[in-house]
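J.: Fold the stuff below for me.
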Amino acid sequence: MPKLKINGHEIEVPSGATVLQACEEAGEEIPRFCYHNRLSIAGNCRMCLVDLENAPKPIASCAMPAADGMEIHTNTASVKKAREGVMEFLLINHPLDCPICDQGGECDLQDQAVAYGRHFSRFGEGKRSVHDKDIGPLVGTIMTRCIHCTRCIRFSEEIAGVEEMGAVYRGEHMEIGTYIEKAMHSELSGNLIDLCPVGALTSKPYAFTARPWELKKTETIDAMDAVGSNIRIDARGREIMRVLPRLNEDVNEEWISDKSRFSCDGLKYKRLDRPWIREDGCLKPASWQQAFSAIHQSLETLEGNQIASISGDMVDCESVFALKQLMSYLGSQNIDCRQDLSIYNTRLRASYIFNSGISSIEDSDCILLVGTNPRFEAPIINARIRKSWLQGDIPIGLIGQKRDLTYQYDHLGDNADILSQIVKESHPFFEKLKQAKRPMIILGQAALSRPDSEGVIYQSRILAQKTDMITGQWFGFNILQTAAGRVGALDIGFVPGPEGRDTRGILESASSGEIKFVYLLGADELEVSRLENSFIVYQGHHGDRGAAVADVILPGAAYTEKDATWVNTEGRVQRATAAVQPPGQAREDWAIIRALSEVVGHSLSYDTLPDLRSLMIKEFPVLAGIDKQTPGEWGEFGEDKPIDQKPFGESVSNFYMTDPISRCSPTMAECIKAFSVDIDGKINTNG
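T.: Prediction:
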């Protein structure tokens with residue numbers, strides 16, 4: 001580890017660190033535009049110049065490796081003059097449009113011009129003008145502002161894995177954009193906005209709507225997929241203006257998917273803001289008391305086995321816990337949280353979580369993907385897989401639909417029987433897994449929502465044991481969930497009891513008339529037409545599929561409007577904070593269930609959220625470990641059943657519309673048009 005002096009203070013840094021990183025370690029602030037710690041080094045803005053003892057001129061600290069014995073000075077007169085010169089050159093062609101620039105108030109160029117630039121300019125000639133590029137419905141371009149830091153190019157190639165951004169021409173004629181003007185095909189394109197140090201790349205949907213100092217900022221958790229990305233919600237009044245990523249190295253680093261960032265405008269449309277009751281075939285507004293009374297009347301004559309409940313994909317732990325207690329008091333074991341009809345044993349936590357943890361993907365040296373398309377199901381996890389592939393060019397195999405995953409892989413086929421061949425050691429990919437020191441298998445929902453899913457899980461478990469995926473230092477058996485509320489609901493045990501029916505059984509029994517009452521808690525991804533013979537209560541935040549067939553509608557709160565507990569796909573428990581209030585008469589879901597329980601004669605034993613959480617954690621201690629990730633308990637799960645020859649399908653065929661919020665989002669609708677998403681989910685690159 002090299003030792004060097006920074007402004008007279010000796011410091012030791014890891015081998016391979018740059019002078020810029022050494023200066024930061026010493027507490028010295030170094031301005032920069034092109035450097036970003038997650039991207040390759042470009043060294044082209046020259047803003048990070050520092051003096052190196054005995055060097056003939058200032059050096060670019062971002063590109064200079066720290067070496068033993070170096071003496072660095074960061075605040076000399078020559079460094080100050082060099083930075084002023086660089087800033088003056090950067091501003092030569094930059095338009096003076098800060099009053100109308102969406103980057104105003106949070107712009108690196110503004111901040112560094114004040115801190116390191118001159119208070120005047122000596123440039124009197126006319127400024128150049130650059131034609132704006134159309135790179136899709138999400139990212140707006142004002143390319144005259146571009147300072148050629150190339151962060152967007154490097155992000156596109158290195159993180160997103162789509163080599164569509166680049167530079168043409170040279171010198172002052174240089175322009176950055178897609179080589180052929182078209183929409184940028186990436187589920188992570190919105191991160192370009194955060195990376196751009198000036199206002200050249202901004203958010204199209206957010207353009208000219210608000211200034212950062214007007215917004216209330218709330219740190220919370222994303223619920224648009226099961227990754228549990230850490231986000232910041234910026235709101236003005238009761239309207240959410242934008243969603244930005246927060247740093248969490250173990251989960252999402254500092255990226256979020258485009259759906260997480262841009263679908264928030266769907267929260268403004270088709271909202272349920274009052275209770276409704278169906279009378280004479282038509283839904284009519286009602287009071288809370290009227291809605292609860294209608295539910296009570298429908299339950300009075302029913303036995304427990306005639307009652308059922310299905311929890312949706314975006315339901316928090318507190319609400320699921322409250323509903324499970326209510327169903328238990330009503331004597332019903334017909335409960336399930338698996339809308340996709342997946343079948344698997346949830347007795348052991350290892351059988352339904354991403355045991356290795358998201359960050360440990362970078363440590364794997366061989367990955368087998370089974371029945372999953374991580375680019376659509378979890379873009380942040382797909383970016384981690386790409387990162388691991390770039391670091392070590394590791395072998396990756398895929399059993400499932402062939403898709404562009406942004407990295408090279410061996411497509412082993414889409415036939416589920418290939419997994420059996422690998423387990424029997426008759427397939428060449430078995431040797432790759434066996435020889436790897438840290439092999440990993442990732443099962444997606446397309447592998448779990450089949451009639452033979454118990455056999456698929458069994459074979460995967462046997463393969464994990466045969467290839468030493470489960471050791472004291474490594475746990476490579478992983479389930480990739482797609483629903484934000486799924487793992488939490490499974491932890492709470494919102495699955496059928498010994499004599500209960502699962503989702504498939506509930507649908508069949510409701511269709512035949514055996515089940516007469518169905519409570520849908522945010523459940524919209526169902527074949528709801530099969531429930532029409534039952535009395536349906538729908539509790540949710542959007543007038544989506546479940547609300548369309550409901551007899552009583554109870555308006556709930558969206559994930560941005562409630563304090564809640566979420567458990568992501570890796571089993572990490574996280575707490576979310578409400579950013580805005582629910583609209584109209586809508587209330588938090590657990591509070592609605594608590595109020596309903598009193599009307600139906602089975603009052604739940606808590607009145608406040610802390611009391612509910614205390615009881616929930618007492619019954620399910622795993623929910624007490626906030627922001628901790630540990631593998632589940634390993635054991636025997638799955639059943640030794642034959643695997644069907646039928647190919648694996650896809651659980652997410654349309655990335656941009658997977659839930660009630662994104663289906664109501666005008667921005668996501670624009671993405672559908674721009675990218676021409678086919679019925680089978682394949683993106684038409686001519687879009």
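
J.: all strands of the stretch 1-150 of the chain, in order?
T.: For the stretch 1-150 of the chain, the strands defined by DSSP state E, counting those that start in this stretch occupy 3-6, 9-12, 49-52, 59-60, 71-73, 139-141.

J.: okay if I get the ones you listed as JSON lines plus mean neighbour count, mean pLDDT and distance to residue 109?
T.: Bear in mind the C-beta positions are built from the backbone N, C-alpha and C, glycine included. Output for the strands of the stretch 1-150 of the chain, formatted as JSON lines (neighbours: other C-beta atoms under 10 Å; pLDDT from 0 to 100; distance: least, C-beta to C-beta, whole Å):
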{"stretch": "strand 3-6", "mean neighbour count": "19", "mean pLDDT": "93", "distance to residue 109": "26"}
{"stretch": "strand 9-12", "mean neighbour count": "13", "mean pLDDT": "92", "distance to residue 109": "29"}
{"stretch": "strand 49-52", "mean neighbour count": "22", "mean pLDDT": "95", "distance to residue 109": "17"}
{"stretch": "strand 59-60", "mean neighbour count": "20", "mean pLDDT": "94", "distance to residue 109": "18"}
{"stretch": "strand 71-73", "mean neighbour count": "20", "mean pLDDT": "95", "distance to residue 109": "25"}
{"stretch": "strand 139-141", "mean neighbour count": "24", "mean pLDDT": "95", "distance to residue 109": "16"}
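
J.: separation between the nearest residue to residue 503 once chain neighbours are set aside and residue 501?
T.: Leaving aside its sequence neighbours, residue 503 sits nearest to residue 336 (C-beta to C-beta, 6 or more residues apart in numbering; 4.5 Å). To residue 501, residue 336 is 8 Å away according to C-beta to C-beta, to the nearest Å.

J.: circling back to that earlier point, in JSON lines: the strands of the stretch 1-150 of the chain, plus distance to residue 343.
T.: Below are the strands of the stretch 1-150 of the chain laid out as JSON lines (distance: least, C-beta to C-beta, whole Å):
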{"stretch": "strand 3-6", "distance to residue 343": "60"}
{"stretch": "strand 9-12", "distance to residue 343": "55"}
{"stretch": "strand 49-52", "distance to residue 343": "61"}
{"stretch": "strand 59-60", "distance to residue 343": "58"}
{"stretch": "strand 71-73", "distance to residue 343": "62"}
{"stretch": "strand 139-141", "distance to residue 343": "41"}
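
J.: Looking at those, which is nearest to residue 476?
T.: strand 9-12 (35.0 Å; C-beta to C-beta).

J.: CA-only coordinates of the closest one in CSV, if you can.
T.: Only the C-alpha atoms of strand 9-12 are listed here, as CSV (Å, rounded to 0.1, in the frame of the first residue of the first chain):
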residue,chain,number,x,y,z
HIS,A,9,-0.1,15.1,5.6
GLU,A,10,1.0,11.6,5.1
ILE,A,11,-1.6,9.1,4.1
GLU,A,12,-1.7,5.4,3.1
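
J.: Residue 428: neighbour count?
T.: By other C-beta atoms under 10 Å, 12 other residues sit near residue 428.

J.: Then the one 10 residues further on?
T.: As a burial measure, residue 438 scores 19 neighbours (other C-beta under 10 Å).

J.: measure it to residue 396 for me?
T.: Taken as C-beta to C-beta, the span from residue 438 to residue 396 is 13 Å.

J.: which residues do the two both contact?
T.: residue 366 (C-beta atoms under 8 Å, 6 or more residues apart in numbering).

J.: Can you pull out the low-pLDDT segments for the chain?
T.: 677-687 (pLDDT under 70).

J.: Let me know whether the residue nearest to residue 503 touches residue 490 as I believe.
T.: No - contact between residue 336 and residue 490 fails when scored by C-beta atoms under 8 Å: they sit 10.3 Å apart.

J.: who touches residue 250 in this structure?
T.: Counted by C-beta under 8 Å, 6+ apart, residue 250 has contacts 357, 358, 359, 572, 629.

J.: Just say helix, strand or coil for it.
T.: Secondary structure, DSSP: H, G, I helix; E, B strand; the rest coil: residue 250 is coil.

J.: ok, back up a step: and which of the contacts of residue 250 is nearest to residue 67?
T.: residue 359 (30.4 Å).

J.: Look up phi and psi at that closest one.
T.: Here is the backbone geometry of residue 359 (degrees, to the nearest 10): phi -70, psi -30.

J.: And for it, the neighbour number?
T.: When neighbours are counted by other C-beta under 10 Å, residue 359 comes out with 15.

J.: and it, how far is that from residue 631?
T.: Distance from residue 359 to residue 631, by C-beta to C-beta: 13 Å.

J.: again, but for residue 86
T.: 49 Å.

J.: Same question for residue 19.
T.: 40 Å.

J.: Looking at the two now, which is surrounded by more residues?
T.: The residue with more neighbours, out of residue 19 and residue 631, is residue 19; 26 against 21, by other C-beta under 10 Å.

J.: And for that one, nearest residue in space, chain neighbours not counted?
T.: residue 61 (4.0 Å).

J.: Of all the residues in stretch 622-630, which ones are buried?
T.: 622, 623, 629 (16 or more other C-beta atoms under 10 Å).
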